[in-house]
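Colleague: fold the following.
(chains A, B, C and D)
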Protein chains: 2
Amino acid sequence: MATLNDVAKRANVSKMTVSRAINHPEQVRPELRDSILHVMAELNYQPNAAARALVSRRTRVVKLTIFEDMDTTEPYYMMLLAGIANELNQHQYALQLATRNSYEVGECDGYILTGIRQKNYAWVEQLKQPVVFFGRNQQGYDYVDTNNYQAIQDSSAYAIQSGYTNLVFVGIAVDEPFEQDRERGFRDFITANQVSGQLVQLANHCHVATDYVRQHWADFPSNTAFICASDRLGIGIEDGIILQGKRVPEDYGVIGFDGVLLNQIASKRLTTMKQPLEAMGRAAVRLLLANIANPGSPATPHDQEKIIINSRLSIAESTR
Amino acid sequence: MATLNDVAKRANVSKMTVSRAINHPEQVRPELRDSILHVMAELNYQPNAAARALVSRRTRVVKLTIFEDMDTTEPYYMMLLAGIANELNQHQYALQLATRNSYEVGECDGYILTGIRQKNYAWVEQLKQPVVFFGRNQQGYDYVDTNNYQAIQDSSAYAIQSGYTNLVFVGIAVDEPFEQDRERGFRDFITANQVSGQLVQLANHCHVATDYVRQHWADFPSNTAFICASDRLGIGIEDGIILQGKRVPEDYGVIGFDGVLLNQIASKRLTTMKQPLEAMGRAAVRLLLANIANPGSPATPHDQEKIIINSRLSIAESTR
DNA sequence: AATACTTATGCAATCGCTTGCAATAATGTT
DNA sequence: AACATTATTGCAAGCGATTGCATAAGTATT
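Modeller: Next comes the predicted model:
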């Protein structure tokens, strides 16, 4: 492997000039720079990241830590990954993937955290590095989120406009900001618009939703729309309705959340509140890189920066 | 951040002894070692990965390169990721994620490659580092794979045993080893068992499969079983059949491949040939780490090592 | 034409750690 | 008890790059 020195000798300059030709091109005479670049290509020179990191204290690595179990096949994260990886690449940063219990090997310049729960904040605090969250938090950390509150209001409004007369919000049984925001959105909506409605929390699995429909069928008059907090729940609810011999969307409506399963199961055309996960991933990267470039914003609470990217209703066949 | 020197001073030993206490514990007197570890904990010492990598030429980073576009939400990769990430963590290695067109920042000790196509091999060859592939290859690189040939034979045999009398293999329209193996398995099966059957290749999307069923419906006598090369295709085929007013599994059977969508869509109980992706991911890591530890096995063809982990039929509701 | 500025380049030190060899202490052998 | 082994520890060098300061060359100012 060629080193800076090899290039320098071959180009008849000092290491420093080569280093500058790479990192501060404007500081070196154009013709000389070109000849250096030429030698670099000739020798197939690649800067040694370790040496660089050692002295510059910049690893050019960002760590994405997913707190939820990775055993579950969660396409949600895959979409996020796409956005994050692509944006990092554009900035010539590498992405390192970690789960909460990863061995803490390999330093990085900052963290993107997702799937985080209250209990994990202690761990976050001892990180003395820039951090960006996925999802609202009250600890003062920067975050990227979608407009959960408004999104559920939009879904609800759409259901009412479509002629459904009773709403059921099917939430996820976790005590996290995103869920709180959605529930608040729903409650405020039915109050403000004097709509008949109820709210329930379930574990986030299809069959749980399906079971729920069966067990509580008496509660759901015809013309009810189910506003769900995930596509999984939406699909489960839809199946439950069909098992009762009713039609979707004629008799009952279903609206999901996330918009992540739909692409795969084309025939399951669920109307859903689609999160712009790719864009959110990119935004998180940009925010984090800004924090890295602009120090004085460690993992400790400071002026909290928020980026909210709106979800949009993707209308399909589970609503009329 | 505490350095090796800080620990050494505090513990009244030389840096070297501290270094040994970490890397070669057996070489340092037990009581001394304990006191050093104690000081390390006290100072919250973390070895500097960059410095380490610089001198030892080991980064303790493995790069997973996914060649397919990451825009597609492919849960397949998420399962792989789970296995790879977990196994790497156990060996105190970090996982770095890259797409083919990633900026080549950050060195690593080896590569796990997946989603690779023929055209990418040129890129692989110029990698002068240990490499493990997902999927068979004829270039001589080590790989982990599932028993595609036998798996399709098993699926086919199961369909016949279940009383279906005509088979259709619905393959993916790519010219890659995994597809070749599956098609060969199918052809050999119908030949050897004198079963009536046909073979088709489609783009790997639900709706393509659904359309295919509609357009070629005349070709499918009742009691046909579709052996599909992916769950997506399987789900699409199933929908196509139902749209024709026929019943699954009574009139027609459908068997998928991968076993990766099922967990999410509980109601879509597709019989499928389930790939042990988590185990395959772990195996790939172990194979790669062995290659790293045991040099003389660069990215150039050598004695090709193969690990085959069998897929198993997961029987559900789309077959009788 | 002499001085003051820029602009380009080089030198030396250093980042934190590990490799190879040397030195010391502890143990065993006859 | 003198010597050969083995177990522990330390020293010095250097991995490949970047930072800060010094120097040399080039241009502008009066």
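
Colleague: tell me how many other residues crowd the closest residue to residue A:320 other than its chain neighbours.
Modeller: Distance criterion C-beta to C-beta, 6 or more residues apart in numbering or on different chains; nearest residue to residue A:320, sequence neighbours excluded, is residue A:249 at 4.4 Å. All C-beta spots, glycine's among them, are computed from the backbone N, C-alpha and C. Other residues near residue A:249 come to 21 when the count uses other C-beta atoms under 10 Å in any protein chain shown.

Colleague: likewise for residue A:222?
Modeller: Neighbours of residue A:222 using other C-beta under 10 Å come to 12.

Colleague: part of a helix, is it?
Modeller: No: judged by DSSP: H, G, I helix; E, B strand; the rest coil, residue A:222 forms no part of a helix; its state is coil.

Colleague: wait, it sits on residue A:248?
Modeller: No: counting by C-beta atoms under 8 Å, residue A:248 is not a contact partner of residue A:222; they are 11.8 Å apart.

Colleague: OK, contacts around residue A:14?
Modeller: In this structure, residue A:14 makes contact with residue A:8, judged by C-beta atoms under 8 Å, 6 or more residues apart in numbering or on different chains.

Colleague: same question but for residue A:6, I mixed them up
Modeller: The contact partners of residue A:6, by C-beta under 8 Å, 6+ apart, come to A:43, A:45.

Colleague: quick check: it vs DNA strand C, distance?
Modeller: The span separating residue A:6 from DNA strand C equals 14 Å under the rule C-beta to the nearest atom of the strand, to the nearest Å.

Colleague: sec struct for that residue, please.
Modeller: Three-state call for residue A:6 (three-state DSSP): helix.

Colleague: for DNA strand D, what's the nearest residue on the stretch 51-200 of chain A?
Modeller: residue A:51 (3.3 Å; C-beta to the nearest atom of the strand).

Colleague: so that residue versus DNA strand C, what's the distance?
Modeller: Applying C-beta to the nearest atom of the strand to residue A:51 and DNA strand C gives a distance of 7 Å.

Colleague: what does residue A:60 give?
Modeller: Noted for residue A:60: a distance of 15 Å to DNA strand C, by C-beta to the nearest atom of the strand.

Colleague: let me know whether that residue touches residue A:89 as I believe.
Modeller: No: with contact defined as C-beta under 8 Å, residue A:60 does not count as touching residue A:89 (11.3 Å).

Colleague: three-state assignment of the residue most central in space within chain A?
Modeller: What sits nearest the mean C-alpha location of chain A, by C-alpha atoms, centre = their mean, is residue A:80, with 4.6 Å. For residue A:80, the assignment made with three-state DSSP gives helix.

Colleague: so who does residue A:260 touch?
Modeller: The neighbours of residue A:260, taking C-beta under 8 Å, 6+ apart as the test, are A:75, A:76, A:79, A:231, A:275, A:277, B:73.

Colleague: quick check, pLDDT for residue A:248.
Modeller: Residue A:248 is assigned 90 on the pLDDT scale.

Colleague: next one: phi and psi at it?
Modeller: Residue A:248 has phi and psi values of phi -120, psi 130 when expressed as degrees, to the nearest 10.

Colleague: returning to that earlier point: does the residue of the stretch 51-200 of chain A closest to DNA strand D really touch residue B:51, like I thought?
Modeller: No: in terms of C-beta under 8 Å, residue A:51 does not count as a neighbour of residue B:51; the distance is 9.4 Å.

Colleague: kindly report the domain assignment for chain A.
Modeller: The record assigns chain A these domain ranges, following automatic domain parsing: A:4-47, A:61-145+A:278-310, A:148-275.

Colleague: mean pLDDT lowest for which of the ones you listed?
Modeller: Within the domains of chain A, the least confident segment by mean pLDDT turns out to be domain A:61-145+A:278-310, at a mean of 84.
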